[in-house]
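>>> here are the coordinates; sequence isn't available:
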Ligand SMILES: CC(=O)SCCNC(=O)CCNC(=O)[C@H](O)C(C)(C)COP(=O)(O)OP(=O)(O)OC[C@H]1O[C@@H](n2cnc3c(N)ncnc32)[C@H](O)[C@@H]1OP(=O)(O)O
């Protein structure tokens with residue numbers, strides 16, 4: 001089967017908002033990390049599904065730091081965009097912003113890279129994804145850096161040997 005036509009980042013850009021409710025929080029009244037991860041996964045999965053036009057599954061999540069607490073009653077907004085398509089997998093970047101319901105105390109609270117794999121509808125096996133066309137300077141930067149991030153996560157997952165990761169090695173080479 002031929003590879004689907006390439007797509008631009010804007011074609012799958014996804015945003016969603018959630019109001020943090022008592023059921024989402026811990027005894028300190030802060031949003032539970034697990035709930036945050038769940039919403040990040042959902043937002044990224046919608047974005048990945050739009051890009052691939054196929055069923056997608058989460059293959060991995062890179063490091064997520066919980067630096068800034070989000071309080072009960074605050075509104076969070078998630079923004080997800082595809083950074084690069086590989087063969088059957090794509091990398092999606094998600095940023096999370098929080099603010100009060102009145103829009104005060106706005107801040108960026110979380111960000112992470114998710115990897116999704118597109119599956120064939122009939123057999124559930126990985127299938128080729130459309131390539132990504134990065135247009136803006138930021139899209140091109142994320143696209144370039146995605147090679148290094150991919151190598152790092154595949155090395156950490158035991159799927160790639162460090163000596164097979166040239167973009168990653170470049171980081172550690174003296175200038
Ligand atoms: C939206 C959701 O929450 S879905 C629910 C949670 N997710 C799941 O249940 C997924 C369960 N896992 C799976 O089904 C399988 O492990 C799959 C489909 C992700 C991968 O299956 P594999 O048999 O490893 O497939 P295969 O070796 O062909 O690799 C397919 C792609 O996955 C990528 N991949 C596999 N593991 C990882 C990983 N840990 N990190 C990043 N990419 C990975 C490979 O690099 C490859 O990408 P490429 O074709 O672009 O080079």
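Received, thanks. Computed from a prediction, not measured in an experiment: that's the story for all the values here.

>>> okay, CA-based contacts and neighbour counts for the rest of this
Fine.

>>> so which residues on the protein come close to the ligand?
The chain has residues 45, 57-60, 86-89, 115, 117, 126, 153-154, 157 near the ligand, with proximity defined as CA under 6 Å from any ligand atom.

>>> weed out the non-buried ones from those.
By the neighbour-count criterion of 16 or more other CA atoms under 10 Å, those include these buried positions: 45, 57, 58, 86, 88, 89, 115, 117, 126, 153, 154.

>>> now tabulate those residues in a markdown table and tack on pLDDT.
As requested, these are arranged in a markdown table below (pLDDT from 0 to 100):
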| residue | pLDDT |
| --- | --- |
| 45 | 98 |
| 57 | 98 |
| 58 | 98 |
| 86 | 98 |
| 88 | 98 |
| 89 | 98 |
| 115 | 98 |
| 117 | 98 |
| 126 | 97 |
| 153 | 97 |
| 154 | 98 |
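
>>> just to be sure, which of the residues you listed are found in strands?
Those of these mapping onto strands are 57, 58, 89, 115, 117, per DSSP state E.

>>> against residue 48, how distant is the third one?
It stands for residue 89. Here the distance between residue 89 and residue 48 works out to 9 Å (CA to CA, to the nearest Å).

>>> then the first one?
Distance check for residue 57 against residue 48: by CA to CA, it reads 9 Å.

>>> which residues are common contacts for the two?
Contact criterion CA atoms under 8 Å, 6 or more residues apart in numbering; residues shared by residue 57 and residue 48: residue 116.

>>> remind me which residues of the chain are low pLDDT?
Counting by pLDDT under 70, the chain contains low-confidence residues at 175.

>>> quick one: the helices in it?
33-52, 137-156, 166-172 (DSSP state H).

>>> deepest of these, which one?
Among those, helix 33-52 has the highest mean neighbour count (mean count of other CA atoms under 10 Å), at a mean of 21.

>>> and it, how far out from the chain middle?
For helix 33-52, the gap between its own C-alpha mean and the chain's C-alpha mean amounts to 7 Å (CA atoms, centre = their mean, to the nearest Å).

>>> against which helices or strands is that helix packed?
With contacts defined as 3 or more CA pairs under 8 Å, 6 or more residues apart in numbering; DSSP states H and E, helix 33-52 has these neighbours: strand 14-19, strand 56-61, strand 75-85, strand 89-99, strand 107-118.
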